[in-house]
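S.K.: Here's my sequence, what's the structure:
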Amino acid sequence: MPQSPQFRRKRLVALMFILCALALFLGGSRAGVRTVSRSRQRATTTIAVALKSGFETANTRAVAQIDTFLDGRVSVLAVGERQKLVRNMEKNTSFQLVDVYSNAFRDARQRLREKGFTVELGNRVGWGNKVLPPSSDSAAKLVRRMEQGHNANDTSQSGWFDNEGWRVDAHKNLPAFKLLHQTFPEADWFMMIDDDTYVFIDSLKKYLSKFDPSKPYYFGQANRFRGCDGVMEFAEAEKAPLVAQGGAGILLSRGAMRAMADVLDACIVRYEDCWAGDIRVALCLRDANIRLKHTAGFNGWPPQGNFVFTPNPCEIPFTYHHVLPDQMFILREIERDYTSRHLGAPIPSAEVFRRFQRLAQTNDLDEHIRETGFERKGRPFMNFKVNKAEECEDRCLYYRECVSWYYSADSRCWLKRTPGGKEEMEGAISGVFPNRFQCQRSGWWPFG
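M.R.: As a prediction, the model looks like this:
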């Protein structure tokens with residue numbers, strides 16, 4: 001029977017509708033598969049955290065961390081110099097502070113002797129003890145660390161470290177890593193933090209999802225040292241391994257942890273007189289043929305007014321050190337609010353800085369930060385001759401894209417779009433407009 005033109009049009013429309021619905025269904029299914037696959041990849045990134053605290057401080061500092069970012073998304077082992085049951089009276093919860101200090105050296109030496117190793121105790125400053133294989137017949141407390149960022153509103157203030165837990169802190173790191181590995185042997189990543197360190201767990205997991213944890217990775221904020229392993233002068237520090245600054249966080253892959261586990265007892269004995277625990281970890285990893293990969297996002301200071309600005313305002317922070325207990329809750333609120341508004345995207349450092357100033361009310365953020373004797377690093381977008389530093393400052397203020405400026409001793413003005421790092425320079429004057437330190441790609445996803 002012949003079909004009318006009207007009938008054919010209806011049939012064509014119906015067919016197009018079916019094809020569109022089918023395409024949407026198949027496309028949505030594929031998108032769903034990709035989303036689930038990506039989600040599963042990140043969900044299976046497991047991190048075991050050694051929370052290094054003290055008998056006297058765990059009730060305030062460690063409790064704040066457990067109540068904020070250590071909320072079940074990672075496995076946690078709290079360690080200290082003495083055994084203690086830490087109670088959170090407000091939430092009626094508790095956790096155990098495990099002693100990794102008492103007898104750690106004695107037990108490691110005994111295990112080595114049982115394996116046939118010979119231990120010779122050293123008497124030269126900075127050299128430590130010797131661990132000799134079966135077949136073979138107190139350090140100077142000096143370091144040059146980055147002092148920028150000190151603030152009365154953080155834990156670097158006087159008296160914060162006047163306690164037993166801090167005085168024996170160097171002896172905790174290696175035994176704590178050993179116990180962490182024994183407790184969570186199948187974790188992908190092993191992290192050590194201080195009890196004044198805040199960690200952006202979800203951002204860190206997203207970043208780590210692109211690495212194979214079976215390979216040996218050692219991540220953190222790079223520092224150099226002296227006073228251990230015979231390195232007594234800064235000139236010699238170039239030959240020594242880089243150290244992941246402990247307060248900013250030490251992060252090891254499963255592959256690195258297993259390699260270090262083979263030499264851990266020897267390291268506990270060999271570096272027993274090294275004055276800092278993070279240096280001991282770096283030396284032990286060097287003995288396992290693993291070197292540090294400096295990682296942007298591990299920060300040695302909280303995001304306050306004199307925070308050491310990152311060159312890139314869109315850089316994703318993973319940690320902040322020297323954070324007060326009440327500031328832990330502020331950072332957690334900032335993180336939750338941003339990620340919920342931006343579909344889970346990690347929060348950039350400039351956004352943390354801006355929001356932290358408002359919520360923490362530290363009263364140390366000026367409209368303009370001006371310093372004498374420092375150059376601001378970074379590529380300028382404009383430079384020209386001026387008569388005085390005030391003219392350079394005014395020109396930076398005029399151009400909205402200008403975030404920092406630098407007036408050199410030869411009367412030249414340099415305008416820059418980022419704050420850049422500080423470097424001492426005779427005759428220099430520089431400044432930053434903190435409120436212009438902003439990430440323009442709000443809600444972006446940097447990890448692919």
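S.K.: all contacts plus neighbour counts: C-alpha atoms, from now on.
M.R.: Will do.
S.K.: Tell me the helices and strands packed up against the helix or strand hosting Glu335.
M.R.: Here Glu335 sits within helix 325-341, counting by DSSP states H and E. For helix 325-341, the packing partners by 3 or more Cα pairs under 8 Å, 6 or more residues apart in numbering; DSSP states H and E come out as helix 63-67, helix 349-360.
S.K.: where does Asp229 sit relative to Cys267, distance-wise?
M.R.: 11 Å (Cα to Cα, to the nearest Å).
S.K.: Apologies, that question was intended for Thr57.
M.R.: Taking Cα to Cα, one finds Thr57 at 28 Å from Cys267.
S.K.: before we move on, the earlier item: between Asp229 and Cys267, which one's more packed in?
M.R.: More crowded of Asp229 and Cys267, by other Cα atoms under 10 Å: Cys267, with 25 against 20.
S.K.: who touches that one in this structure?
M.R.: By Cα atoms under 8 Å, 6 or more residues apart in numbering, the residues touching Cys267 are Leu174, Arg280, Leu283, Cys284.
S.K.: Select, from those residues, the two members most distant in space.
M.R.: Leu174 and Leu283 (10.6 Å; Cα to Cα).
S.K.: Pull the number of nearby residues for the residue lying closest to Ala58 once chain neighbours are set aside.
M.R.: Distances taken as Cα to Cα, 6 or more residues apart in numbering place Val86 nearest to Ala58, at 6.9 Å, with adjacent residues excluded. Residues lying near Val86 (other Cα under 10 Å) number 19.
S.K.: Check which residues of the helix or strand Val86 falls within are buried.
M.R.: Under the criterion of DSSP H and E, Val86 resides in strand 84-88. Neighbour counts using 16 or more other Cα atoms under 10 Å place Lys84, Val86, Arg87, Asn88 of strand 84-88 among the buried residues.
S.K.: Return the set of residues that bridge with the third one.
M.R.: Taking DSSP bridges, one finds Ser94 as the beta-bridge partners of Arg87.
S.K.: and the gap between it and Gly80?
M.R.: 15 Å.
S.K.: cool, and the last one?
M.R.: Plainly put, Asn88 is 17 Å away from Gly80 if you go by Cα to Cα.
S.K.: Run through who's touching the longest strand anywhere in the chain.
M.R.: Longest strand in the chain, counting residues (DSSP state E): strand 422-432. Identification of contacts with strand 422-432 by Cα under 8 Å, 6+ apart yields 368-377, 389, 393, 403-409, 419.
S.K.: returning to what we had before: ok, the residue nearest to Ala58 - contacts?
M.R.: With Cα under 8 Å, 6+ apart, Val86 has these contacts: Ala58, Asn59, Val63, Ser94, Phe95, Gln96, Leu97.
S.K.: Can you check the pLDDT for the closest residue to the third one other than its chain neighbours?
M.R.: If you skip the residues right next to it in sequence, Val63 has Asn88 as its closest partner in space, 6.7 Å away by Cα to Cα, 6+ apart. Per-residue confidence at Asn88 stands at 85 (pLDDT).
S.K.: you'd agree Asn88 is up against Ala62?
M.R.: No: between Asn88 and Ala62 there is no contact under Cα atoms under 8 Å: 10.1 Å.
S.K.: Can you lay out the contacts of Cys267 as a markdown table showing pLDDT and secondary structure?
M.R.: Below are the contacts of Cys267 laid out as a markdown table (pLDDT from 0 to 100; DSSP: H, G, I helix; E, B strand; the rest coil):
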| residue | pLDDT | secondary structure |
| --- | --- | --- |
| Leu174 | 96 | helix |
| Arg280 | 95 | helix |
| Leu283 | 94 | helix |
| Cys284 | 96 | helix |
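S.K.: so how far is Lys385 from the residue nearest to Ala58?
M.R.: 62 Å.
S.K.: what does Gly230 give?
M.R.: 49 Å.
S.K.: Where do the strands of the stretch 101-250 of the chain begin and end?
M.R.: 118-120, 130-132, 189-194, 198-199, 218-220, 222-223, 243-244, 250-253 (DSSP state E, counting those that start in this stretch).
S.K.: Tell me where the stretch 1-150 of the chain has helices.
M.R.: Assigned by DSSP state H, counting those that start in this stretch, the helices in the stretch 1-150 of the chain fall at 5-43, 63-67, 104-114.
S.K.: among these, which gets the worst mean confidence?
M.R.: helix 5-43 (a mean of 50).
S.K.: now the stretch 251-400 of the chain, which segments are flagged as low pLDDT?
M.R.: 305-308, 361-366 (pLDDT under 70).
S.K.: can you rerun that using 90?
M.R.: Where the stretch 251-400 of the chain drops to pLDDT under 90, the residues are 272-275, 300-314, 343-344, 350, 353-379, 400.
S.K.: Equivalent analysis for the stretch 51-200 of the chain, please.
M.R.: 55-57, 71-72, 87-93, 103-170.
S.K.: Let's see that with 80 instead.
M.R.: 117-167 (pLDDT under 80).
S.K.: ok so, going back, can you put the strands of the stretch 101-250 of the chain in JSON lines and add mean neighbour count and distance to Cys314?
M.R.: What follows is the strands of the stretch 101-250 of the chain, written out as JSON lines (neighbours: other Cα atoms under 10 Å; distance: least, Cα to Cα, whole Å):
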{"stretch": "strand 118-120", "mean neighbour count": "16", "distance to Cys314": "50"}
{"stretch": "strand 130-132", "mean neighbour count": "17", "distance to Cys314": "47"}
{"stretch": "strand 189-194", "mean neighbour count": "24", "distance to Cys314": "24"}
{"stretch": "strand 198-199", "mean neighbour count": "27", "distance to Cys314": "17"}
{"stretch": "strand 218-220", "mean neighbour count": "25", "distance to Cys314": "19"}
{"stretch": "strand 222-223", "mean neighbour count": "18", "distance to Cys314": "20"}
{"stretch": "strand 243-244", "mean neighbour count": "26", "distance to Cys314": "23"}
{"stretch": "strand 250-253", "mean neighbour count": "25", "distance to Cys314": "22"}
